[in-house]
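J.: prediction below, plus the sequence it came from.
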Amino acid sequence: MVSEDAPEYSYEHYKELGGIINEEDYASSLEKSRSLTSVDKNYIRQAQNIAGVAGIELKISDKEDPRIKLYSVLRSDIKPENTKHHHGQMSDQRLFLEVLRMLEDAGSAEKMKTAYHTNRPLGTYCSLCGKIYASEDCVQ
């Protein structure tokens, strides 16, 4: 059951923040995450590790952090047949960035870009956008 005090999010705002997940998956993932009662410990650890690199603190308690719950829903989603592109094909870091956008957490999304793109060692792969060269902007 979805909490009546659950925040309302806007697909249009998500798209403005650079989101790429389609509207149907966006809505169904948010709905599933709101009604999720427990999260696999592996997804909790993954989310903590990803967020930790960017200096984002997650709350681990009886009521799981909504970012962890949504990450869990998206990461465990299976690509449907006859689908060319699916969020399950994204790197863990890229998927967590989409979570932040879906939950309209622009500040944390910027922290992710800084940590994973701007501050990465020169010549290394950006797990958010796939760019290698320092002169390339992170398009995510």
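T.: Thanks, I have the structure now.
J.: now for the helix or strand where Ser28 lies, which elements pack on it?
T.: For Ser28, the host element (DSSP states H and E) is helix 23-35. With contacts defined as 3 or more CB pairs under 8 Å, 6 or more residues apart in numbering; DSSP states H and E, helix 23-35 has these neighbours: helix 11-16, helix 66-76, helix 92-102. Backbone N, C-alpha and C define where each C-beta goes, glycine included.
J.: so how far does stretch 110-124 reach from one end to the other?
T.: Length of stretch 110-124, first residue to last, CA to CA, to the nearest Å: 19 Å.
J.: sorry, back to before: tell me the mean pLDDT for the helix or strand just after the helix holding Ser28?
T.: Per DSSP H and E, the first helix or strand lying C-terminal to helix 23-35 is helix 41-53. Helix 41-53 carries an average pLDDT of 92.
J.: now helix 41-53 and helix 92-102, what's the angle there?
T.: Helix 41-53 and helix 92-102 are oriented at 80 degrees to each other (axes from the mean of the first three to the mean of the last three CA atoms, to 10 degrees).
J.: shaky segments in this protein?
T.: For the chain, the stretches with pLDDT under 70 are 1-6, 61-63, 79-89, 125, 129-131, 133-140.
J.: picking up where we left off before, gap between the helix holding Ser28 and the chain center?
T.: 13 Å (CA atoms, centre = their mean, to the nearest Å).
J.: stretch 91-100 now?
T.: Remark: stretch 91-100 is offset 3 Å from the chain centroid, using CA atoms, centre = their mean.
J.: got a list of contacts for that stretch?
T.: With contact meaning CB atoms under 8 Å, 6 or more residues apart in numbering, stretch 91-100 is reached by 19-21, 46-47, 50-51, 67, 70-71, 74-75, 87, 90, 106, 108-109, 112-113, 116, 127-129, 140.
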